[in-house]
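J.: what follows is a protein structure lacking sequence information:
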C-alpha cells in the first residue's frame, strides 16, 4: 500500500524542479483562460464584421466549445498513446494557429473554424495539464500545486480582459481601426499568439510523466525522472508501485475499463467525475467569462465600464484561487466544494432578484433602479469568488487525481467531454435566454443548479486529500 509523503520524505523532494515543471505545464491553463476570455470583448466587432444576430453571436462564441469537447474527449486517450507532454505541445501549436486565423478571418465560417481549432487546444490542455501535474507532484502538496492550474486559467482570462480593455480604450472602441488599419477586435486575437509561442517553446524543457513512461515499459526513463523529482530511494519505490497498479489489470488503457467487470455497469467513480464536470458549468460561470461585457451593457453599463468590471472579476478570481492553493491540502477538497455550492446558490439568487427589477425607459435604455445595480455587481463578484475558491480549481484537482491509474486517461476523456458539452449548452443558449425568458429567470436556473450540486457532492464525492495516486480506487 502506498503512503503519503512524510515531512522527512518531503525534505528530499526537489521542489524547485517540481515548481518549474508545474509553471510550464500551467501555461496551458493560461492559454485555456486567454482563449476563453478573449471573445468577451470582441462581440461587437464580430457582429459588425459578419452581420450577426443573437443566434449568430451565440454560435460564433460557442464554436470554441465544439472543439473543446472533442479535444477533451480525445486528449486522455491520445495522452495514453503518445504521452502527456506531446499532447500539451500539440495544444500549444493549435493555440498559435487559431489565434492567427481568428484575427484574420474574413467570414463567419472561417472564424468559426479557427475557434474550433483553438477549442481542440483548450479541451486538450484542460484535461492533460491537471493530469500531468498530479503525476509529477507528491501527494502532500498535490492539491496545492494542481490548484495553480486554475490560477493560471483565471490569469489568462484576466490577461485577455486587460488586453481587450487596453486595445478598445486606445483605439476608441473594439470596432475602431487600430495598427496597420485592422480593427482592434482582430488584434485582441492576434496578441494571443505571443503566449502560445512561449508555451510551445517552454514545453521542450520539461520531462514526460513517469507514470506514462512506466505504462509504456520505459522504466529506466521513468526512474530517471522520478530520481530527479524525489530522490533515488523514492524513485525505486514509486516505479514498483506504479508497475504494480498497472499490472493488476492490464497495460493498455481503454474505454471499456470504465465499466465494472463484476456488475457490468459504469463505475461509480466515473459518474462522480462526470457530475463534477457538468455541475461546474451548469452554475453558469462561463456566462460571466464569455459574455461579461455584454451582460453588464444589457443592464445599463457603458462598454468601457463593462470591460473594467471584467477586469475586477478577474482580479477577485485570482485572489480566490490563491486562497484555495493554501487551503486545499489542509481542509480538503469536499469541504471547499460544499461551501462553494452553498455560496453560489445564495449569490446567484441575489443576482437573479436584482435583474428582475430592471426597467426600460422611453428611449429603450435598460437600467437597474436605486442601488440594485450595485447589489447585482457585488453579488455577481461574490459569486465569482465562491466559484474560484471552490469549484473552479477543485474540480480540476479532483479530475486529475480521483481516477485509478488504469482508467485515468479514459475517465478524464468522458468527464472532460461532458464538461465541455455542458459548457456549450450554457454558453450558446445564453444570448437567446437573456432576451426570453430574461436574465432573472436564467440566473434563477443557475442558482438552482448550484443548490443541487451541494447535495450531489454530499452523496457522490469522496475526499482524496493526501492519498497517493496508486491508492485511488473506484
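T.: That came through, no problem. Just so we're clear, the structure is a prediction, and the values are computed from it rather than from any experiment.
J.: longest helix in the chain, by residue count?
T.: The longest helix of the chain (DSSP state H) is helix 139-171.
J.: what packs against whatever helix or strand comes next after that helix?
T.: The helix or strand immediately downstream of helix 139-171 is helix 184-190, counting by DSSP states H and E. Packing partners of helix 184-190 (3 or more CB pairs under 8 Å, 6 or more residues apart in numbering; DSSP states H and E): helix 43-50, helix 84-104, helix 139-171. No exception for glycine: its C-beta is placed from N, CA and C like everyone else's.
J.: and of those helices, who's closest to residue 441?
T.: helix 43-50 (22.2 Å; CB to CB).
J.: remind me which residues of the stretch 101-250 of the chain are low pLDDT?
T.: 245-250 (pLDDT under 70).
J.: tell me where this protein has strands.
T.: Shown for the chain, the strands assigned by DSSP state E span residues 359-360, 366-367.
J.: from the contact counts, what lies against the first one?
T.: Counting contacts by 3+ CB pairs under 8 Å, 6+ apart, strand 359-360 is packed against strand 366-367.
J.: now do the strand it packs on, average pLDDT.
T.: Mean pLDDT, strand 366-367: 65.
J.: likewise stretch 305-318?
T.: Mean pLDDT, stretch 305-318: 77.
J.: next one: that stretch to chain centre, how far?
T.: Computed by CA atoms, centre = their mean, to the nearest Å, the chain-centroid distance of stretch 305-318 equals 17 Å.
J.: likewise for stretch 199-207?
T.: Distance, stretch centre to chain centre, for stretch 199-207: 20 Å (CA atoms, centre = their mean).
J.: can you point out the buried residues in that stretch?
T.: 199-200, 202-203, 206-207 (16 or more other CB atoms under 10 Å).
J.: out of the residues you listed, list just those in helices.
T.: Of the positions in those, 199-200, 202 sit in helices, assigned by DSSP H.
J.: of those, closest to residue 237?
T.: So of these, ranked by how close each gets to residue 237 (CB to CB), first place is residue 202, at 30.1 Å.
J.: isn't the closest one right up against residue 22?
T.: No: counting by CB atoms under 8 Å, residue 202 stays clear of residue 22, with 11.8 Å between them.
J.: picking up where we left off before, just want the angle from the longest helix of the chain to helix 43-50.
T.: 60 degrees (axes from the mean of the first three to the mean of the last three CA atoms, to 10 degrees).
J.: please begin residue numbering at 14 from this point
T.: Right, with 14 as the first residue, what we last looked at is helix 152-184.
J.: by contact count, what packs against helix 152-184?
T.: Other helices and strands packing on helix 152-184, by 3+ CB pairs under 8 Å, 6+ apart, are helix 28-38, helix 40-50, helix 121-148, helix 197-203, helix 316-344, helix 404-414.
J.: again, only this time at 6 Å
T.: The contact analysis (3 or more CB pairs under 6 Å, 6 or more residues apart in numbering; DSSP states H and E) places helix 152-184 against helix 40-50, helix 121-148, helix 197-203, helix 316-344, helix 404-414.
J.: residues making contact with the first one?
T.: Outside helix 40-50, the residues that touch it by CB atoms under 6 Å, 6 or more residues apart in numbering are 101, 108, 131, 135, 138-139, 142, 162, 165-166, 168-170, 172-174, 205, 212, 302.
J.: which one is the most centrally placed residue in the chain nearest to, not counting chain neighbours?
T.: Nearest to the mean C-alpha position of the chain, by CA atoms, centre = their mean, lies residue 139 at 5.5 Å. Closest residue in space to residue 139, ignoring its immediate chain neighbours: residue 45 at 5.5 Å, by CB to CB, 6 or more residues apart in numbering.
J.: any idea how far residue 410 is from the one you found?
T.: Using CB to CB, to the nearest Å, residue 45 is found at 15 Å from residue 410.
J.: the residue nearest to residue 117 when sequence neighbours are not counted: neighbour count?
T.: Excluding its sequence neighbours, the residue lying closest to residue 117 (CB to CB, 6+ apart) is residue 199, at 7.2 Å. Close neighbours of residue 199, defined as other CB atoms under 10 Å, add up to 22.
J.: these two touch, right, residue 199 and residue 116?
T.: Yes: Residue 199 lies in contact with residue 116 (CB atoms under 6 Å); the separation is 4.3 Å.
J.: quick one on the thing from earlier: can you pull the buried residues of the longest helix of the chain?
T.: 152-178, 180-181, 184.
J.: pull the residues that contact stretch 281-297.
T.: With CB under 6 Å, 6+ apart as the criterion, stretch 281-297 contacts 271, 357, 404, 408, 412, 424, 428, 431-432, 435-436, 439, 459, 462-463, 466, 469, 473-474, 487.
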